[in-house]
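Student: build me a model:
(2 chains)
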Amino acid sequence: MAPSVAAVDSSPPSTSDTTENHLQPVFVLHKAASRKYERRSTGTTKTKRRIDLSPSIPKTLEKADSESTENFDDDHCVNLRMEAFEIVWTKIESTMKDVIRNLDTNVFNEIHHWVLESFNAIKSFGTLTSREATQTFPIMKDVSSKQLFTGLVLTKNVEFVDDLLTFEELGHYLKSQGCHVANLSSVDFTAKSGIGGCLRSFLRQFVMASLDAIDMSIMASWYREQGNYNNPVVVIVNDIERCTGSVLSNFILMLSEWVLKVPVILIMGVGTTLDAPKNILPSNLLQCLSPYKFTLRTPAERMDAVVDAVLVKQCSGFIIGHKVAVFMRNYFVGQDGTLTSFIRALKIACVQHFSMEPLSFILRGFSLEEDGQVLHDGLLSKMILKHAFNLPSYERNKIEDQSVERFATGLSELKRLKNQWGTMVSCLYEVAKGDKMQLLDLLCEAVDPTSYNCRTCNAHSKLEKDMGSSSSNDCWRRQYPILGRGVFICQAVRKVKDLPASQLWKLLKRWEELTMNINEIHEKIRELLSLLKLKNDKSSKQDTVDISKRHASWNQLNIREGLQSGKCKSCYINGVHGLVGTFILSPVLGLFFFLALQYRDYMQPIEFLPFHEIVCFKNVDKLELALMGDPRRRIQVDLLEFYKMLRCSCCSRSGDTLLPSMHDTSIMYILAQEHGDHINLHDWYNSFKSTVLCPINKGKNKSKQSPLLKKRKEINEPNKQSKASIQYPLYLIL
Amino acid sequence: MAKDKEEATQVSRRATRLSLSTANSTNDIETAKSFNSQTLTLDNLVFGQEPIGLDDLLSCFPGRRVQILEILYLLGTIKSSMPPMFIYGSASTGKTSIILQVFRHLRRPFVYISCLSCYSPRILFESILNQLLFHKKDAVNGYSSVKKCEKPSDFVNFIREALINVIDSLKENSKKMSSSKLKGQVNGRMIYLIFDNFDLVREWDKSSSILPLLFGLCDILKMPEVGFIFISNSSPDTYYSNTGYMEPILVYFPEYTEDDLRQIFLRNQANQKLYSSFLDVVLRPFCRVSRRLDELSTAFSTLFKKYCEPLSDLGVVPNEDMKRRLFSHIQPHIAHSLNEIFSVASQPSVESEANQETRKKGSAKKSVGSGDFDEIDFHMSTSAKYLLISAFLASRNPATLDASLFDSTGGSNSRKRKRNCNLLINHFLLRVSEKSVERREAEEEELFMKGPGTFSLERLLAIFQCITSVGEDSFGEEGGADGVTVEGESNGLMSDVLLQLSSLCNVNFIVKGGSCPLEGSTRYRSTVSEDLALKVARSLKFPLSKYLFRR
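Tutor: Residues are numbered from 1 along each chain as shown, chains lettered A, B, ... in the order given. Got it, this is the predicted structure:
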């Protein structure tokens, strides 16, 4: 279906993702750029497509940059953006790789350790002479000598795409530790190629010679040569569930027969449960295995780590808006559940962002300390400024000053706030970790502008009310519907309240590390830490504080005022002092209020900040379209608005009336619609094919085009457009 | 089969000693280096290690005296030829080991072919030829065989040639030996071809040509100096579909008796008394389940460790009181390992840590208010879970009940559903009163024997559609509280169902069956256990049990 990508025409955008197509397991048909045939010699296809996209910048922007768009489309700007994309994406990608690799190191070490142990166990049956090692008959040793050491690696995910990389990495790791490693996958264990096929791909990874008759004796003599025999041979099978049971069991039998001569250690990936090997292997085989279990990180954990590194921590500056985040989360939870597809979605988002947002090239230096650099590029800077001050986020904030300096400070402010935001999110995540809460959920909430709004105002009034009343757990929950179930941030905050002192101490310590970069919060946390210490020292005798006493102290300390008018700085400080006071009595509660304050001040969602459009991708529709596509609807729209596709002048003004010059398919479709028929596109296509293809079957080289040409005969079109009509059958296949 | 490790213990003691001594005398690296230049001779056709006497041989294999003597008798003297011999008996009864040790004892040359390692006719032919022509695959010759040989006719020609050469040199060798009275390595003028795991040959290309060829090789070659020995797990009756070759002499290896097993296990134990008391406890129950030495030895090795756990000194001689104590200690483990042949070990530290964590998690959950403990411990996307449940339902419930369980409105009308449930219950009650209990039992049994039913893709999708729309209600509630639900969840869930289906097929949760002879479409079958299905349903908060039809 690849050709369809390179096909035709016109307005609907969604093209840039075609560059992503190699990642997709199933191709979704998209239209290519309209001006393809008038391509200038300078640009690559990629950049051209990008250019085509810019007119369709989200509506909010459209009016603002109607005139400036052209400027941003010249090659210079496009190249700048492309470069920036390359830089940003490389950075994100390498960060992700590192993160994932780090996640696995522990398990890898464990596996390596076990491999060595097993190897020693095999060796303990005695050293073989070279004659023994290559003889055809088995070596008669202890009964248990035929046991094949097998590591079952639980990948914790039904989908196996993510694990391909993991097992590859594992292979590299073990190789670097001196093992001989062969990576096999279920493709090698098919009934079709049989045992010969899997032996072949096993041996090919060690023995260079091209062989036609392959058996284990080759492996045995290879192993004896050139000092190979001091290291174990590790065979990694990616996904045991997908293997054909009979082939796999033959392979295992063979390995176990030779295990003393070739000390093979088997590592198998298991996607579901430990029952999987029992289900596909016969029982007499299971007792040749001496299994050992390893567990990889769950997809959710991986996801959290990646999200943390890429989106929460300051990685590249690029970030996604609330809707996009929610969409990606739902896609992960509901549909796919693989990190691979998440990363793909992120990449698509990134591409789209850089192709749509004229100022996105600023991101290049965003994470570095060179914000101002581009701004001094004379001509460009004017355009930038004009565009930047037209951004809705800037207008919303109603700042009049429109100078370069203003823009620069705005940018650095944005950076600072984003940094704070990220820190706070990771602090919250630190709390939520034990609770099976996912960072992605937390993130979704943290970037949500609406919930931030209501939460901040609610929290204050509620907090205030609560001051006077009781603070028992139930009451707490009743009074804070927003703290109810499902709201992750509040759940996290509430959890802090429930923490025992020792864990609280740990948590604060961890926060101290996290907030290293933000002085204000850091200071406060240190303060809290010292207070907690003080309190612990003091109150070793009296652990529980009388509730009534607490109430008294609250009123006394006037926290209410502090919280109420939290906007003004002095009151805020007041509040903190109050907090400190409370803290002495009840550190947990103190921390709770502390968090509430922090939340308001430091966790402004990114979409509130001026200039956020530059770094933030918000267009969820584009992303959805790129990821899922909507071929069926697209076909129908195309059928109705065929003149846009075909660019013929004759039919475009026809409106709803049928014209003889119309495309046959369109005529039929319109008629069917008028008649109220439901059509089945696939049947349609088939009937077309049968009626049209039959008479012209002889001319084989022509057969592909001719039916369509025939249909098209009335349409006055240059040759280039023939692709347009070919497109239909391709759509219809879907 | 080569699983006969019974002699193991004694032999292994001997073998390790031997191999150690040889290893000491020859530096491994040197041998590896000189390996390429080393030429192979007749010596390579005999068992490599120093020969053993008859007494040793017999004592190696308790309970196998009769068989060993029979084989020795059949092999006869140095010069006597022998008809093909067919050794059979169930797995792990000592066939391969005894044959190999007998040849070690006799010091006669042989060619050993395991039909397991030589998995195709070509590999088999080439392996035989390689051994007869003293050829070793190595880096120098590119790991290739001495001759390329695919056709049986070629093989017969080649092997005849090779055998004549070998027999000639054997003759010379024995002349030399008799003249010089030196005790050479190789003994006798016969050469034997041993085919191990012979039952596997039956599966190669439906044994159309290879089986008759190998059985008839003796007749084809007409060489009295060549002896044939076949070792098989299955009895000769299973081979007789194609006759016309000389009937071999049968040697049967029966299963070990309990006493034999006791003797075998007792050899080589450091503390005989202790182990004997251990065997008193475990051997009898296990023997009822299996007498395969390999199975028993794996089970016993872990059990014995458990058995010794309370003991500080392993050299202790147990008295009655201690035996009783140890027995009560081991008893709970016996039943478990009787049922479980596949126990997966894992790092104890990790395990306990994980346990602690879950415990912690559990308590934390309790405080939050929602605790579900037994969850599925791997990740599946929500739509895959729904699909799994619908497949499970489609397999369990008879198709005729679908209409009453899932109404066409997509389950949104819960009252209607309830009524239907009532109807169903009434129906059920009627049946109970109507039919006798035995009849019902018979039906249940029949259902059990049939296993999960098959279903078409359309039915699966219909059920999927219904239960997702039901599930959405609960979904919606949750989502409302979240404030982060997406609109059009159902569309989202439906979108790539076929992809999910294929990944469920991949992990064997759903099995693609053959196509239905009437409709011609592919049928599916769900193979998940009810347990797992319930767990999945629980994770979605889907009331699965409501939808399950029970007789």
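Student: which residues of the chain fall in strands?
Tutor: Just so you know, I chose chain A. Here chain A has its strands, by DSSP state E, at A:148-154, A:180-184, A:233-237, A:264-270, A:289-295, A:319-320, A:616-617.
Student: ah, no, chain B please
Tutor: Under the criterion DSSP E, chain B contains strands at B:85-88, B:110-114, B:191-196, B:226-232, B:249-252, B:345-346, B:454-456, B:510-515, B:522-526.
Student: give me the contacts around the second one.
Tutor: So that's strand B:110-114. A:135-138, A:257, B:2, B:45-47, B:100, B:103, B:124, B:127-128, B:131-132, B:191-197 (C-beta atoms under 8 Å, 6 or more residues apart in numbering or on different chains). Every C-beta, even on glycine, is put in place using the N, C-alpha and C of the backbone.
Student: give me the subset of those that lies in helices.
Tutor: Among these, the members falling in helices are A:257, B:100, B:103, B:124, B:127-128, B:131-132 (criterion: DSSP state H).
Student: filter those down to the buried ones.
Tutor: Among the ones in helices among the contacts of strand B:110-114, those classed as buried by 16 or more other C-beta atoms under 10 Å in any protein chain shown are A:257, B:100, B:103, B:124, B:127-128, B:131-132.
Student: greatest separation within those residues: which pair is it?
Tutor: Of all pairs drawn from these, the greatest distance, 21.6 Å, lies between A:E257 and B:L132 (C-beta to C-beta).
Student: make a markdown table from the strands of chain A and add mean pLDDT, distance to chain B and mean neighbour count to it.
Tutor: Compiled in a markdown table, the strands of chain A are given as follows (pLDDT from 0 to 100; distance: least, C-beta to the nearest C-beta, whole Å; neighbours: other C-beta atoms under 10 Å in any protein chain shown):
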| stretch | mean pLDDT | distance to chain B | mean neighbour count |
| --- | --- | --- | --- |
| strand A:148-154 | 90 | 6 | 24 |
| strand A:180-184 | 92 | 15 | 21 |
| strand A:233-237 | 92 | 14 | 24 |
| strand A:264-270 | 91 | 9 | 26 |
| strand A:289-295 | 88 | 4 | 20 |
| strand A:319-320 | 84 | 14 | 27 |
| strand A:616-617 | 83 | 17 | 26 |
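Student: which single residue of the stretch 51-200 of chain B ends up nearest chain A?
Tutor: Residue nearest to chain A within the stretch 51-200 of chain B: B:Y112 (3.8 Å; C-beta to the nearest C-beta).
Student: what about that residue, distance to A:F354?
Tutor: B:Y112 sits at a distance of 67 Å from A:F354 (criterion: C-beta to C-beta, to the nearest Å).
Student: got the buried residues for stretch B:132-144?
Tutor: Of the residues in stretch B:132-144, those buried under the neighbour-count criterion (16+ other C-beta under 10 Å) are B:132-138, B:143-144.
Student: one more: stretch A:196-205?
Tutor: Taking 16+ other C-beta under 10 Å as the basis for neighbour counts, the residues of stretch A:196-205 that come out buried are A:196-199, A:201-203.
Student: same deal with stretch B:310-325?
Tutor: With burial defined by 16+ other C-beta under 10 Å, the residues of stretch B:310-325 counted as buried are B:311, B:318, B:323.
Student: closest one of the residues you listed to chain A?
Tutor: Nearest to chain A among these is B:L311, at 21.9 Å by C-beta to the nearest C-beta.
Student: A:I195: neighbour count?
Tutor: By the measure other C-beta atoms under 10 Å in any protein chain shown, the count of residues near A:I195 is 21.
Student: repeat that for A:A672.
Tutor: Here the neighbour count serves as a burial measure; for A:A672 (other C-beta under 10 Å) it reads 14.
Student: before we move on, what about B:R439?
Tutor: Taking other C-beta under 10 Å as the criterion, the count of residues near B:R439 is 11.
Student: what sits against the closest residue to B:L274 other than its chain neighbours?
Tutor: Nearest residue to B:L274 in three dimensions, chain neighbours excluded: B:P318, at 5.6 Å (C-beta to C-beta, 6 or more residues apart in numbering or on different chains). Shown here is B:P318, whose contacts under the criterion C-beta under 8 Å, 6+ apart are B:273-274, B:277, B:326.
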